[in-house]
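Q: Just the structure for this:
(one chain, ligands or ions: 2)
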Amino acid sequence: MSMRDVFEKNPERRYIMFGGKGGLGKTTFSATCGYWLAKQGFKVLVFSVDPQASLSDIFQRDIFGKGAVEIMPNLYAQEIDADRRIKDYQNEIREKIKKMYGLEEVPEEIENYIASTSAEPAMEESAIFDAVVDIVISGEYDYYIYDLVPLGHALYYLSMASVYDQWIDKITGLRTEMEEYNKVAAVMQRNKESEEDMILKELQFIKQRINTSSGILTDRLKTAFFFVVTPEEMIILDTQKAAGLFAKFNVPLSGYVVNRVIPAELAAQSIPDYLRNRMTMQTKYLDKIDKTFGDKVVARVPEFERDITGLAMIEKLAGVMFGGE
Ligand SMILES: Nc1ncnc2c1ncn2[C@@H]1O[C@H](COP(=O)(O)OP(=O)(O)O)[C@@H](O)[C@H]1O
Ligand SMILES: [Mg+2]
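A: Ligands and ions are numbered 1, 2, ... in the order given. Predicted coordinates for the structure are as follows:
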């Protein structure tokens, strides 16, 4: 199967992801895939959940925190501003507390608690995750391409159950905290029942959102997940390991894309030994990749003469990945 086949034979797979170690080409392929699908007439959103997102670099546009930005007809790109999301989320909590207790201002102990949550790494992940849920649930696009963070983190997004648990912890934690506060400030008038209702409603709302998005992420019919691999020993080993882990999370794997293959036609030219040696090494590992991943290898992408930035380079790469047009 070729890359093009994966898309043409599975038109219902509308959530596309590229996984793999940092620097292998995930962002590059996300953008290129988005470009090709947009050219096929689909409305596509490429979005990044990577705090070190480089969609701005590849599209040569400053898109960070600006929502979905149109790159060309049918192609939109978005980089999520996690800090902004955390601040919005904290404000939401503040508003809820004030409303719930009829307060003018959030009490200091609670304010301290809220401030401390932003220092937790899980908070950033949750904030980004929440933004992803918003994007995916909106259903505005034909295709959603997730420009993923490196492997370990990708697993985090894919094991939604744990994210969900963290959310619940956060909210029940906050609730306990508030109860304590209530004991201290005994004057608080409140309606116990309606407060419980509100918290429960909130939990159910979150649960429903998470179910929707994790359902999509692990849905074999709707998701295409690709691993990016390069012809190097360590990368092959790491990818094998990661593929095993992903299988455990039921992530549907659509194929492996091999990147940075030195063009074979160079061998016929007079080239330095240095390059010839590297090519021999690559040949060995390309064989290994074929043996290991077999017919799941959907594309071999050459090492280009320069990095892939701007639509002209992306178009060139799309030609290689998907064939002409
Ligand atoms: N086939 C290729 N030829 C030349 N440069 C490439 C190729 N694939 C990726 N690159 C470059 O390598 C760098 C890392 O790629 P990137 O897609 O950002 O990796 P990741 O998102 O996996 O961290 C970028 O500068 C990109 O332009
Ligand atoms: Mg990247």
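
Q: which SS state does Ile114 fall under?
A: helix (DSSP: H, G, I helix; E, B strand; the rest coil).

Q: ok, and the closest non-adjacent residue to it?
A: Gln90 (5.2 Å; Cβ to Cβ, 6 or more residues apart in numbering). For glycine as for every other residue, the C-beta is placed from the backbone atoms N, C-alpha and C.

Q: And for the one you found, the neighbour number?
A: Neighbour count of Gln90, defined by other Cβ atoms under 10 Å: 18.

Q: how much space between it and Glu108?
A: According to Cβ to Cβ, to the nearest Å, Gln90 and Glu108 sit 15 Å apart.

Q: related to what we said a few turns ago, let's verify the residue nearest to Ile114: helix, strand, or coil?
A: helix.

Q: My read is that it contacts Ser116, right?
A: No: judged on Cβ atoms under 8 Å, Gln90 makes no contact with Ser116 at a distance of 10.6 Å.

Q: State whether Val46 is indeed within a helix.
A: No: read with three-state DSSP, Val46 is strand and lies in no helix.

Q: Ligand 2 contacts on the stretch 151-300 of the chain?
A: Taking Cβ under 5 Å from the ion, no part of the stretch 151-300 of the chain reaches ligand 2.

Q: just the strands in the stretch 151-300 of the chain please.
A: Assigned by DSSP state E, counting those that start in this stretch, the stretch 151-300 of the chain shows strands spanning 223-229, 253-261, 297-302.

Q: same deal with the stretch 1-150 of the chain?
A: Counting by DSSP E, counting those that start in this stretch, the stretch 1-150 of the chain has strands at residues 15-19, 44-48, 69-72, 75-79, 143-147.

Q: Same list, those, but as CSV with mean neighbour count and mean pLDDT please.
A: Formatted as CSV, those follow (neighbours: other Cβ atoms under 10 Å; pLDDT from 0 to 100):
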stretch, mean neighbour count, mean pLDDT
strand 15-19, 23, 88
strand 44-48, 25, 94
strand 69-72, 16, 98
strand 75-79, 24, 96
strand 143-147, 25, 91
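
Q: Would you mind telling me which of those is nearest Val320?
A: Closest of the strands of the stretch 1-150 of the chain to Val320 is strand 15-19, at 15.6 Å (criterion: Cβ to Cβ).

Q: near ligand 2, anything from the closest one?
A: No: Strand 15-19 stays clear of ligand 2 (Cβ under 5 Å from the ion), getting no nearer than 8.6 Å.

Q: partners of that strand, with directions?
A: Strand pairing for strand 15-19, using DSSP bridges, gives strand 143-147 (parallel), strand 223-229 (parallel).

Q: what's the angle between the first one and strand 75-79?
A: Strand 143-147 and strand 75-79 meet at an angle of 40 degrees, taking axes from the mean of the first three to the mean of the last three Cα atoms, to 10 degrees as the criterion.

Q: How about strand 143-147 and ligand 1, any contact?
A: No: on the criterion Cβ under 6 Å from any ligand atom, strand 143-147 is out of touch with ligand 1, staying 6.9 Å away.

Q: helices and strands of the chain: which one has the lowest mean pLDDT?
A: One helix or strand of the chain scores below all others by mean pLDDT, DSSP states H and E: helix 151-158, with a mean of 54.

Q: residues in contact with the closest residue to Asp295 other than its chain neighbours?
A: With sequence-adjacent residues excluded and distances taken as Cβ to Cβ, 6+ apart, Asp295 is closest to Met1, at 6.7 Å. Met1 is in contact with Lys9, Gly255, Asp295, Val298, counting by Cβ atoms under 8 Å, 6 or more residues apart in numbering.

Q: OK, contacts around the second one?
A: In other words, Gly255. Gly255 touches Met1, Met3, Val6, Phe226, Phe227, Lys296, Val297, Val298, Ala299, counting by Cβ under 8 Å, 6+ apart.

Q: got it, and the first one?
A: Residues near Lys9 by Cβ under 8 Å, 6+ apart: Met1.

Q: Low-confidence ranges, the stretch 51-200 of the chain, go.
A: Within the stretch 51-200 of the chain, the stretches with pLDDT under 70 are 51-53, 118-123, 125-126, 129, 149-200.

Q: Of all the residues in this structure, which one is nearest ligand 2?
A: Nearest residue of the chain to ligand 2, counting by Cβ to the ion: Thr27, 3.3 Å away.

Q: pLDDT wise, what is that residue at?
A: At Thr27, the predicted lDDT confidence score is 93.

Q: what's the answer for Gly310, then?
A: So, for Gly310, pLDDT stands at 97.

Q: for the strands of the stretch 151-300 of the chain, which one ends up most surrounded?
A: The highest average neighbour count among those, using mean count of other Cβ atoms under 10 Å, belongs to strand 223-229 at a mean of 25.

Q: residues making contact with it?
A: 6-7, 10, 13, 15-20, 24-26, 29, 216-217, 235-236, 239, 242-243, 246, 251-259, 289, 293, 298.

Q: Beta-bridge partners for the residue in the stretch 101-250 of the chain positioned nearest to ligand 1, please?
A: Nearest residue of the stretch 101-250 of the chain to ligand 1, counting by Cβ to the nearest ligand atom: Val228, 6.2 Å away. With DSSP bridges as the criterion, Val228 is bridged to Val257.
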